[in-house]
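**Student:** Sequence and predicted structure, then a few things I'm wondering about:
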Amino acid sequence: MPERTAIPVSEETDLSTLLAVLDDEYARDILTHTSVEPMSASTLSERCDASLPTIYRRLDRLEECHLVTEETELAPDGNHYSVYSANLDRLELSLDDGSFSLDVTYSEEDVADKFTRMWEGMR
């Protein structure tokens, strides 16, 4: 089972940046689809009805905010490609004493689980 870690938003990913990313319909679609199973950019392009450049731009923004992770998959023909998984478990926005705070809970897969999945993909 994935480990859940609550992490306050860092200076790198401030509240306005994160909310701007989540305000984007394509970014939300990507998170929705990749929360079910890892997907390649081309699959996301089809599912989100968006061009590949649009998907890659959104994936870059989501990765900068640590909301998706990228992994390399091995294709049956020996080539490799990237798949993306949602890394977001929960957002909690609070207003206390005149200031907002945001806690992001990331869902992180255990290293042993990642290795097992990679190994099974190579067979």
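**Tutor:** Happy to help now that I have it.
**Student:** Find the nearest non-adjacent residue to A27, please.
**Tutor:** Leaving aside its sequence neighbours, A27 sits nearest to R58 (C-beta to C-beta, 6 or more residues apart in numbering; 4.7 Å). Every C-beta, even on glycine, is put in place using the N, C-alpha and C of the backbone.
**Student:** what's the helix or strand encompassing that neighbour packed up against?
**Tutor:** R58 is part of helix 52-64 when elements are defined by DSSP states H and E. Other elements packing on helix 52-64 under the criterion 3 or more C-beta pairs under 8 Å, 6 or more residues apart in numbering; DSSP states H and E are helix 25-34, helix 41-48, strand 68-74.
**Student:** name the helices or strands packed onto the second one?
**Tutor:** Put plainly, it is helix 41-48. Judged by 3+ C-beta pairs under 8 Å, 6+ apart, helix 41-48 is in contact with helix 25-34, helix 52-64, strand 80-86.
**Student:** State the pLDDT value of the residue of the chain most remote from its centre.
**Tutor:** Distance from the centre of the chain peaks at D97, with 31.5 Å (C-alpha atoms, centre = their mean). pLDDT for D97: 91.
**Student:** distance between whatever helix or strand L18 lives in and the chain's centre?
**Tutor:** Following DSSP H and E, one finds L18 within helix 15-22. Relative to its chain's centre, helix 15-22 lies at 14 Å (C-alpha atoms, centre = their mean, to the nearest Å).
**Student:** Equivalent analysis for stretch 50-64, please.
**Tutor:** Chain-centre distance of stretch 50-64: 11 Å, with C-alpha atoms, centre = their mean.
**Student:** now do stretch 16-27
**Tutor:** With C-alpha atoms, centre = their mean, you get 13 Å for stretch 16-27.
**Student:** same thing with stretch 66-76?
**Tutor:** Averaging C-alpha positions (C-alpha atoms, centre = their mean) puts stretch 66-76 10 Å from its chain's average.
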